Structures are given as structure tokens and as C-alpha cells.
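Novice: need the 3D shape of this:
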Amino acid sequence: MANDELVLYTIFRSSAAWRVRIALAIKGVKYVSKAVSWDNKELMAELLSLNPAGRIPILVHNGRVLTESLAIVEYIDEVFPGPKLLPADPFLRLQARAIALHITAGIQPLQIGRTQQKLEEMAGEGKGAEWAAYWLHRGLAELEEMVVKTAGKYAVGNEPTIADVCIPSILFNARRWNADISKFSTLLKIDENLAALPAFAEAHASKQPDAPKK
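Specialist: Below you'll find the predicted structure:
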């Protein structure tokens, strides 16, 4: 597949884009990375023309516009050959989806930037960060209890699934906002195991072209 057939609109630290980068890397699919800058009015206009919600990631595949990270991950899993991210067994598939949804619907919306900004406006400086740390810790405590029941080497057994593509970025955010995750031993071990996989290392925020240079 030629690079110009697959374009990913991304930001290095975006949790949602991070998931899609992992899925593409697991499948070994090459793509053009288009880093979004909120200060670039021309690029933002382009983004809004593709997704009226103005959110990333956006994946354009052969002219078709794909939005919403988990939907994109499932599309990638169905369309491209390679390791499957959705287990064949219906119960394991449900478990993997449940973990992914707990992260993407149960934790992430409560700690994203625009949520924090609104809290700052309503409650004062510093309250957004407090809010994010609280909900990250609470959500990850719940997640730890979930993965204790399902984990092998990874979140659901011994092969990476759609659940695993969601874990590195939410733990990254927890560390960023100083949420205490030290007691979540199962999650931390899964994260360590995932970090050793080339696809997960390649997709890491720090490895992206738009990441700040140290």
C-alpha cells in the first residue's frame, strides 16, 4: 500500500491518536502522519472539514474519512492482515472491549484538556489538575480490579488486544497528572510488557515527529 493512501491526523500526546498508532504499528501498516497544531488555522479548517467535532484522530483511507479511535482500531483490525486485536472467542472479545471502553469512555473524558479548562474556569486555578488526578486514580483503581481477573502477560490473556492499545496512554496521563498508580501492580506489569513490544515502542508519544525535542 502506498503511503498516500493512508493519512493519520494525530498529536503526539493524544491518547486517542496513540491507540490508532499502536494498532497500525501492530499490523505493520505504513501511513502518512499529519501532526495537528491548534495554532495552524489552515490545518484546523481542514480538520473541521473532515470531522465537524474537531477531534483527532482522523484516519483517511483511500479517500474515506474514519473517526473515533476505537471504531478506527476495529476497522484496522478488520481490514488489514496481521495479529488480531479482537479475540476470536466471544467472551474474551467482550472482556477486551469492556476494558477498552472503561478507559476510553469511563476515564478519558473526565481528564481531557477541555474538561480541565472548564473546571479551571468554574472552580479556579489548579482545580483542573486536581480533578484529572482524582478521576485517573479512581478509574485506574477500577481498571486494576478488572485486569486482575483477565490478565495473562497482557490485559486479556497472552496476546495484545484492543484493551492493550488503550493502556499505555492512560498510564502516561496518570503519571503526567501525578495520580498515584504505585499500587496498581497488574496494570504496571502489563504496561512494562507492552513497552517491550516494538509496535508499542514505535507508537509512544516521545517517538512522534511532533514531540518536543529534549
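
Novice: C-alpha only now, for contacts and for neighbours.
Specialist: Will do.

Novice: and Arg21, how many neighbours?
Specialist: 28 (other C-alpha atoms under 10 Å).

Novice: quick one, what contacts it?
Specialist: Residues in contact with Arg21 (C-alpha atoms under 8 Å, 6 or more residues apart in numbering) are Ala203.

Novice: what helix or strand does it sit in?
Specialist: Arg21 belongs to helix 15-27 when assigned by DSSP states H and E.

Novice: next helix or strand past that helix?
Specialist: By DSSP H and E, the next helix or strand past helix 15-27 is strand 32-35.

Novice: how close does Thr115 sit to Val36?
Specialist: Using C-alpha to C-alpha, to the nearest Å, one obtains 20 Å as the distance from Thr115 to Val36.

Novice: and those two? Which one has more around it.
Specialist: Val36 (18 against 15).

Novice: isn't that one up against Ala45?
Specialist: No - here Val36 does not reach Ala45: they are 11.0 Å apart, not a contact under C-alpha atoms under 8 Å.

Novice: okay, now the domains of the protein?
Specialist: The chain breaks down by automatic domain parsing into domains covering 3-84, 90-199.

Novice: of all those, which one is nearest Ala211?
Specialist: With C-alpha to C-alpha as the criterion, Ala211 lies closest to domain 3-84 of those, at 5.6 Å.

Novice: what average pLDDT does the closest one get?
Specialist: What domain 3-84 shows for mean pLDDT is 92.

Novice: could you pull out the helices for this protein?
Specialist: 15-27, 41-50, 69-79, 90-101, 108-111, 113-123, 127-150, 167-176, 185-195, 198-203 (DSSP state H).

Novice: which one of those helices is the most hemmed in?
Specialist: helix 15-27 (a mean of 24; mean count of other C-alpha atoms under 10 Å).

Novice: CA atoms of the helix holding Arg21 as PDB?
Specialist: Provided in PDB are the C-alpha atoms of helix 15-27 (Å, rounded to 0.1, in the frame of the first residue of the first chain):
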ATOM      1  CA  SER A  15      -4.400   9.300  23.900                       C
ATOM      2  CA  ALA A  16      -6.900   8.600  21.100                       C
ATOM      3  CA  ALA A  17      -4.400   9.000  18.300                       C
ATOM      4  CA  TRP A  18      -1.900   7.000  20.300                       C
ATOM      5  CA  ARG A  19      -4.300   4.000  20.300                       C
ATOM      6  CA  VAL A  20      -4.600   4.200  16.500                       C
ATOM      7  CA  ARG A  21      -0.800   4.500  16.100                       C
ATOM      8  CA  ILE A  22      -0.400   1.300  18.100                       C
ATOM      9  CA  ALA A  23      -3.000  -0.600  16.000                       C
ATOM     10  CA  LEU A  24      -1.300   0.500  12.700                       C
ATOM     11  CA  ALA A  25       2.100  -0.500  14.100                       C
ATOM     12  CA  ILE A  26       0.900  -3.900  15.200                       C
ATOM     13  CA  LYS A  27      -0.400  -4.500  11.700                       C
END
